[in-house]
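Trainee: quick one, structure for this:
(one chain, ligands or ions: 2)
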Amino acid sequence: MTESQPPTIAEELRGAGLRVTAARAALLLTVREGDHLGVEAIAAGVRERVGHISLQAVYDALDALSAVGLIRRIEPAGSPARFEGRVGDNHHHVVCRSCGTVTDVDCAVGEAPCLTASDDHGYAIDEAEVVYWGLCPACSATGTTSASTS
Ligand SMILES: [Zn+2]
Ligand SMILES: [Zn+2]
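Mentor: Ligands and ions are numbered 1, 2, ... in the order given. Coordinates of the predicted model:
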């Protein structure tokens, strides 16, 4: 093992204080390889890797990994939660109103500037969430709206 070697998934889990299980490792890989996946898609990815796992176990693992910051939960208003492996850089998301596609948007101003609220009301703020809404290129090209889907 050399120092330049990136940590393995198991080492990352252990480093975050989590017990290493095949399901958690598979879930972390699935979320990182995916693109803002929902819970059902994540469950399918985990099952491909380790066989059957209950949806409840997937939720539990998602909670555990989100709590230690290995993955990030995004919950655009009105849509189911998505999860991503890109964490700790305060990037934002643009969400398509029609098809629900979620895309990363780098923060316009820098590292974590949106944490500077005009009035923090005495709170110790550690996260700010910016979600841009609109139509993705595919949806605007076809003129699809949520009203026209059956
Ligand atoms: Zn779209
Ligand atoms: Zn993202």
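Trainee: so where does residue 63 fall, helix or strand?
Mentor: For residue 63, the host element (DSSP states H and E) is helix 55-67.
Trainee: what of residue 141?
Mentor: Taking DSSP H and E as the definition, residue 141 sits inside helix 137-142.
Trainee: just the pLDDT at residue 111, thanks.
Mentor: Residue 111 is assigned a pLDDT of 58 by the prediction.
Trainee: actually, residue 145.
Mentor: Per-residue confidence for residue 145 comes out at a pLDDT of 52.
Trainee: repeat for residue 39
Mentor: According to the model's per-residue confidence, residue 39 sits at a pLDDT of 96.
Trainee: run a quick neighbour tally on residue 19.
Mentor: 8 (other CB atoms under 10 Å). All C-beta atoms are positioned from the backbone trio N, CA, C, and that covers glycine.
Trainee: in space, what's closest to it - neighbours in sequence excluded?
Mentor: residue 13 (7.6 Å; CB to CB, 6 or more residues apart in numbering).
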